[in-house]
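Student: Here is the input, now give the coordinates:
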Amino acid sequence: MESQPVGAIIVAGGRSTRLGRDKASEPLLGRPLLQHVLDRIAGLVSEIVIVRAPGQVLPALETATPITVAEDDYPGKGPLGGIYTGLVRSSAERSLVVACDMPLLSRPLLQELLRRGSGCDVVMPVLEYPEPLHAVYARACIEPIRTRIEADQLKITNFLGAVRVCYMREGECRAFDPDLRSFLNTNTDEDLERARTLLHAP
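Tutor: Numbering: from 1, shown residues only. Take a look at the predicted model:
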């Protein structure tokens, strides 16, 4: 990894329309989903910003890493607003951005994304599609993101043409996470059950 401190941003303010419940607080094996994510990134970064929706109550959390809880500056504008808010609140030059519903994040893969950050404003895996909520963003992204939000261009990848992007292809990701478990989002009860099974697996 780079010698300069890096941070992490956890986007926790999604609407959870498919699950129908707040995903950050959703229990999985006795702990909130958000705690599982924290556990996976603990020790990789020097600070964590958790971006919540207005009025959202987060579960009690345990981690030795300093945490800042920030209310989304652009509520209702989707994950792009959460990324912007996190980058503005973070003191780190680069931040790993993940969603709060990814309990199987691969530490080796996250470390590799952070290692590749030098010379890039964004380091983003590409599987079938780009994975913008499992990527590294530099502070250089703040203004291009704000410009897109103000123009109501809310697809995360819309701003990538304005910054330097380094992509990590599927085969490269599998070298660190062979089954690509890192990218499992728990959007439904079926996803939660799959995550429960995989967390029990050796």
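Student: Tell me who's in contact with the most centrally placed residue in the chain.
Tutor: Nearest to the mean C-alpha position of the chain, by CA atoms, centre = their mean, lies V98 at 0.8 Å. Residues counted as contacts of V98 (CB atoms under 8 Å, 6 or more residues apart in numbering) are A8, I9, I10, V11, V37, I41, L105, L133, H134. Where C-beta positions appear, they are placed from N, C-alpha and C, glycine not excepted.
Student: List the ones among those residues that fall in strands.
Tutor: When DSSP state E defines the strands, the subset of the contacts of V98 inside them is A8, I9, I10, V11, H134.
Student: Now distance to M124, pLDDT and neighbour count too, for these, in TSV please.
Tutor: Conversion of the ones in strands among the contacts of V98 to TSV gives the following (distance: CB to CB, whole Å; pLDDT from 0 to 100; neighbours: other CB atoms under 10 Å):
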residue	distance to M124	pLDDT	neighbour count
A8	15	97	29
I9	14	98	29
I10	17	97	28
V11	15	96	26
H134	8	97	24
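Student: In JSON lines: those, plus distance to E71.
Tutor: Output for the ones in strands among the contacts of V98, formatted as JSON lines (distance: CB to CB, whole Å):
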{"residue": "A8", "distance to E71": "18"}
{"residue": "I9", "distance to E71": "14"}
{"residue": "I10", "distance to E71": "14"}
{"residue": "V11", "distance to E71": "13"}
{"residue": "H134", "distance to E71": "23"}
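Student: that older thread, just list whatever residues bridge to the residue nearest to the centre of the chain.
Tutor: Beta-bridge pairing for V98 (DSSP bridges): I10, H134.
Student: tell me the pLDDT at it?
Tutor: Per-residue pLDDT puts V98 at 97.
Student: cool, R40 as well?
Tutor: 95.
Student: contacting residues around it?
Tutor: M102, P103, L104, L105, S106, R107, L110.
Student: can we see that at 10 Å?
Tutor: A8, V98, M102, P103, L104, L105, S106, R107, L110, S182 (CB atoms under 10 Å, 6 or more residues apart in numbering).
Student: Compute the number of surrounding residues for the fourth one.
Tutor: By that I understand P103. 27 (other CB atoms under 10 Å).
Student: hang on, it packs against P27?
Tutor: No - using CB atoms under 10 Å, P103 makes no contact with P27, being 11.1 Å away.
Student: can you list residues touching both of the two?
Tutor: Joint contacts of P103 and P27 (CB under 10 Å, 6+ apart) are L33, Q35, L192.
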